[in-house]
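Chemist: please work out how this folds:
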Amino acid sequence: MTNEKKRDKLMSEFEKGIALSKCRKCGCMKGALEEIRDSLAAGGDQDDRDLREKVDTWLGKTQESLYT
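Modeler: Okay, here's the model as predicted:
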């Protein structure tokens, strides 16, 4: 699987998850998104910037965690 296909799969899974109320409230989802965001360089290439923007959007949709 190419890196582009891996990235597309990852984004697809997060899109599905963030659409679910239970996932928006899950600390696991928020934690994973924060780690991805933090791992992307502030500069980076256009793909990194696009992914970071998408992750920030998903983080904005998360809710207070039910499990922490």
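
Chemist: quick one: buried residues of the helix or strand bottoming out on mean pLDDT in the chain?
Modeler: The helix or strand of the chain with the poorest confidence is helix 21-24; it has a mean of 85 (mean pLDDT, DSSP states H and E). For helix 21-24, burial by neighbour count (16 or more other CB atoms under 10 Å) applies to C23, R24. For every residue, glycine as well, the C-beta is placed using N, CA and C.

Chemist: same deal with stretch 21-36?
Modeler: Going by neighbour count (16+ other CB under 10 Å), the buried part of stretch 21-36 is C23, R24, C26, M29, K30, A32, L33, I36.

Chemist: coming back round to it: who touches the least confident helix or strand of the chain?
Modeler: Applying CB atoms under 8 Å, 6 or more residues apart in numbering, the contact partners of helix 21-24 are G17, I18, M29, K61, T62, Q63.

Chemist: format the CA atom coordinates belonging to it as CSV.
Modeler: The C-alpha coordinates for helix 21-24 follow below in CSV (Å, rounded to 0.1, in the frame of the first residue of the first chain):
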residue,chain,number,x,y,z
SER,A,21,-21.3,10.7,18.7
LYS,A,22,-19.7,8.0,20.8
CYS,A,23,-16.4,8.6,19.0
ARG,A,24,-16.5,12.4,19.4
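
Chemist: helices of the chain, start to end?
Modeler: 3-18, 21-24, 27-39, 46-61 (DSSP state H).

Chemist: and G44, what is it in contact with?
Modeler: G44 makes contact with R52, according to CB under 8 Å, 6+ apart.

Chemist: let's see it at 10 Å
Modeler: Going by CB atoms under 10 Å, 6 or more residues apart in numbering, G44 touches D50, L51, R52.
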